[in-house]
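In: Here you go, sequence then predicted model.
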Number of protein chains: 2
Amino acid sequence: MSNTSDLAPLPVVALSIEQQIVVLAQAGRAAQRVLARVDGAAKATALLSAASVLRNASAEILGANARDMTAAAANGLSGAMLDRLRLDPARLEAIAAAIEQVAVLPEPVGQVIDRSLQPNGLDLARVRVPIGLIGIIYESRPNVTADAAALCVRAGNAVLLRGGSEAVHSNRAIHAAMVTGLEQAGVPRDAVQLVPTQDRAAVGAMLTAAGLIDMIIPRGGKSLVARVQADARVPVLAHLDGINHTFVHRAADPAKAAAIALNAKMRRTGVCGSMETLLIDSAFPAPHALLEPLLAAGCELRGDGRACAIDSRILPAVSADWDCEYLDAILSVAVVDGLDAAMDHIARHGSHHTDAIVTENGEAAERFLAEVDSAIVMHNASSQFADGGEFGLGAEIGIATGRLHARGPVALEGLTTYKWLVRGQGTIRP
Amino acid sequence: MSNTSDLAPLPVVALSIEQQIVVLAQAGRAAQRVLARVDGAAKATALLSAASVLRNASAEILGANARDMTAAAANGLSGAMLDRLRLDPARLEAIAAAIEQVAVLPEPVGQVIDRSLQPNGLDLARVRVPIGLIGIIYESRPNVTADAAALCVRAGNAVLLRGGSEAVHSNRAIHAAMVTGLEQAGVPRDAVQLVPTQDRAAVGAMLTAAGLIDMIIPRGGKSLVARVQADARVPVLAHLDGINHTFVHRAADPAKAAAIALNAKMRRTGVCGSMETLLIDSAFPAPHALLEPLLAAGCELRGDGRACAIDSRILPAVSADWDCEYLDAILSVAVVDGLDAAMDHIARHGSHHTDAIVTENGEAAERFLAEVDSAIVMHNASSQFADGGEFGLGAEIGIATGRLHARGPVALEGLTTYKWLVRGQGTIRP
């Protein structure tokens, strides 16, 4: 600023959004190469350090969140969105505790998938390695900043976070605490980066950064996921929706069926594992007892002709109902003629997320498990179990309905790839 | 044609190329749902049947190939391309034998990856399932028609084949024999489809058929793979090139190093696993003995300044040499100062395919294996072992250098995905 030299001032060059993403991605990749050499115990220590700094920064984080909440209320955000955005001491403690849970998960990197001695004399091992740089694109929940970063780092990946603009101050405060904690324990700051600009073009630049970002994981509503899947040139791990079916077979135990149906729909209606369509075998003997607890719990039922005949409180479904993820206390109900008709319905209308059969007939159950083409297929269980924690994976980064790389709940293993280690003794190929 | 009714003639509607691909893909997906229920023994029998029909059709196939060869010669194809296109009785027998080898590989579908009983009472299993519909885009080698189809079908997938126009008659004859054989053993014809049109727009339509084709595998030269990777909206399993390094560490055994270097480069120069750059530790005591066998075998060496000083027959390299996949009897040679400099060179110039270290120092070997980020990393072995058969996988569909789904040689396992089977006892989530 001051005229201390005769040199011309340096030109100020504004980077385009695309260039900013390239710079961030290159820094992330460089940090990842360092992180890849940090062992499991040190990564765990670094995450515990991050959780500790986060706890100590609670006043700053809650203050930042209050700014976001004020702006969001002024912008007329809905009550549900305000609730997703809101932090309080209990929620912040839950975020710190979640980081600590990720810290103590078993180390995935270096795990030997298989190893063999080949006839050609080579000792061959496939071992898990980090993927590289993961991009996370998410909406208003500030806890994703910490959760996703912890899982990525635990698996040895760098992460580039792009949160929603409504949570910008909360995300920055959480991010600042995390990287301070990580850095104190030897993990490079750039292993976890938050895209600084709120320009929406940054999302497009991330989605097309093939070769710089190895995988994109969207976390948020259907419109976000749809946009990411449509525009991405980088591999995407996600599910668009969970149009989950429960088929109550003629040989179902009526009490189990009623309990499972009520739980699958009403335990939490807003989760991706909730049942959205109930298929009732026309030969199932107790359809009214199956639906009564749902109606009593306040669930709106929308049925086909035969379903509507079960109870007068059931509204007629329209064709769009069979392809709808309500995420609400609404359920479509169809009566089908047996197992094959149920599987046909699921093949036409399902989203390959989680589908279940209720039956005491083992042969029908095994056919359903084998033939229904969904990431998760269940027998005599509630679809609400579709969750990495319930699957014993620890925390999950999301649920994937794509067919490649990882399917169903994705946790640390899904955040790794593998390489082949080949050990010879001067071995040459004839 | 004849005027046998008063009805107006049916309109003839020409499908666009995109619509033709949709029709083929939908037929393939329908056939795959049938194939998914065919057990391993029946799939093996079907492939043996395909091999048998192929053998019996040798006269037709060789006749079709002769037509392709005549046209190719008239079109001025190079000798190497003519050789790739050419079939003879021995090559046809090799194709049939390769199908039989795939037939008897262990069944991948249904294999249990892991299984556990969770504290919530759920019995949880991950089992391998087919991916769905695979698209194969390939060039002049007609054996790919049979090889790729056999591997896809063995893993329960349908396949849509798009071969090179120069091999159109050969491919049609091989395809006709295969599907006849498959169908005689109960596998639907549409499980293996050959795109009938030679219009190049068909490739573009396949590459963008997201949701209809689950994965594209290009088989051919670099320009084909580059085009597929650039344009595909469907996941691609491939490698663009194999810029493979062998690093001769200061503690390498000179005799092993010389044998490995000669084999890695000269055993076959045109394969993707061949060495393209030799890195010599400046402290390695026998550089001349390392290079002499290569020079004696007729390999052109292009060196950096220090490499050129080893032998006067070494030509000076230009910067493009370090990023070049020669696929020929040409090798770039650099002298580097130790392990870290070698790994830096590989990080800058490698293609993440196959890189090797030669050393008797176990610590250096383990660092190289851990830190070099390639699909295949070798110690004291020739990079020419980069091959699914040598890895004990049976036949391979290709080698992948991407980071997701499958990496390195890809065989039957890489042609499957998995799903989660969850078995409860009326289990509901609290």
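Out: Yep, that arrived.

In: So which residues of the stretch 301-430 of chain A form strands?
Out: Along the stretch 301-430 of chain A, the stretches classed as strands by DSSP state E, counting those that start in this stretch are A:315-316, A:330-336, A:354-358, A:376-381, A:398-400, A:408-410, A:416-427.

In: Highest mean neighbour count out of those?
Out: Each of these was scored by mean neighbour count; the highest is strand A:354-358, a mean of 31, by mean count of other Cβ atoms under 10 Å in any protein chain shown. Backbone N, C-alpha and C define where each C-beta goes, glycine included.

In: interface residues of the stretch 201-350 of chain A facing chain B?
Out: Listed as neighbours of chain B in the stretch 201-350 of chain A under the rule Cβ under 8 Å from any Cβ of the partner chain: A:214-215, A:235, A:253, A:255-256, A:259-260, A:262-264, A:267, A:347.

In: low-scoring pLDDT stretches of the stretch 251-400 of chain A, where are they?
Out: Scanning the stretch 251-400 of chain A for pLDDT under 70 picks out no residues.

In: Helices of that one, residue ranges please.
Out: For the stretch 251-400 of chain A, helices defined by DSSP state H, counting those that start in this stretch occupy the ranges A:254-266, A:287-296, A:305-308, A:339-349, A:362-371.

In: Take the ones you listed and write them to JSON lines, including distance to A:A191.
Out: What follows is the helices of the stretch 251-400 of chain A, written out as JSON lines (distance: least, Cβ to Cβ, whole Å):
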{"stretch": "helix A:254-266", "distance to A:A191": "39"}
{"stretch": "helix A:287-296", "distance to A:A191": "47"}
{"stretch": "helix A:305-308", "distance to A:A191": "53"}
{"stretch": "helix A:339-349", "distance to A:A191": "42"}
{"stretch": "helix A:362-371", "distance to A:A191": "40"}
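
In: Tabulate the ones you listed (CSV), appending mean neighbour count.
Out: Output for those, formatted as CSV (neighbours: other Cβ atoms under 10 Å in any protein chain shown):
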stretch, mean neighbour count
helix A:254-266, 23
helix A:287-296, 17
helix A:305-308, 17
helix A:339-349, 18
helix A:362-371, 17
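
In: what's the pLDDT at A:M1?
Out: We have a pLDDT of 41 for A:M1.

In: give the contact list for the most centrally placed residue in chain A.
Out: The centre of chain A sits closest to A:G398, judged by Cα atoms, centre = their mean, with a distance of 1.5 Å. A:G398 sits next to A:I217, A:R219, A:L237, A:A238, A:H239, A:P409, A:V410 when contact means Cβ atoms under 8 Å, 6 or more residues apart in numbering or on different chains.

In: So what touches stretch A:335-347?
Out: Contacts of stretch A:335-347 (Cβ under 8 Å, 6+ apart): A:245, A:247, A:249-250, A:277, A:279-283, A:287, A:303-304, A:306-307, A:310, A:322, A:334, A:355, A:357, A:364, A:367-368, A:371-374, B:33.

In: quick one on the thing from earlier: a markdown table for the strands of the stretch 301-430 of chain A, including distance to B:G164?
Out: Below are the strands of the stretch 301-430 of chain A laid out as a markdown table (distance: least, Cβ to Cβ, whole Å):
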| stretch | distance to B:G164 |
| --- | --- |
| strand A:315-316 | 55 |
| strand A:330-336 | 47 |
| strand A:354-358 | 42 |
| strand A:376-381 | 40 |
| strand A:398-400 | 35 |
| strand A:408-410 | 38 |
| strand A:416-427 | 30 |
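
In: Out of those strands, which gets nearest to B:A98?
Out: strand A:416-427 (22.9 Å; Cβ to Cβ).

In: I'd like the distance from the closest one to the chain centre, please.
Out: Strand A:416-427 sits 32 Å away from the centroid of its parent chain (Cα atoms, centre = their mean, to the nearest Å).

In: how is chain A carved up into domains?
Out: In terms of domains, chain A is parsed into A:17-231, A:244-390 (source: automatic domain parsing).

In: how far does the last one stretch from start to finish?
Out: Same thing as domain A:244-390. By Cα to Cα, to the nearest Å, the extent of domain A:244-390 from end to end equals 17 Å.

In: nearest to B:V195, of the helices of the stretch 251-400 of chain A?
Out: It's helix A:339-349; of the helices of the stretch 251-400 of chain A, that one is closest to B:V195 (Cβ to Cβ) at 25.4 Å.

In: Let me know the pLDDT of A:A8.
Out: For A:A8, the pLDDT comes out at 66.

In: re earlier: a markdown table for the contacts of A:G398, including pLDDT?
Out: A markdown table is the format used below for the contacts of A:G398 (pLDDT from 0 to 100):
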| residue | pLDDT |
| --- | --- |
| A:I217 | 97 |
| A:R219 | 93 |
| A:L237 | 94 |
| A:A238 | 91 |
| A:H239 | 89 |
| A:P409 | 96 |
| A:V410 | 95 |
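
In: Out of those residues, give me the two with the largest separation.
Out: Farthest-apart pair in the contacts of A:G398 is A:R219 and A:P409; separation 13.7 Å (Cβ to Cβ).

In: so of the contacts of A:G398, which ones are in strands?
Out: Cross-referencing the contacts of A:G398 against strands under DSSP state E gives A:I217, A:R219, A:P409, A:V410.
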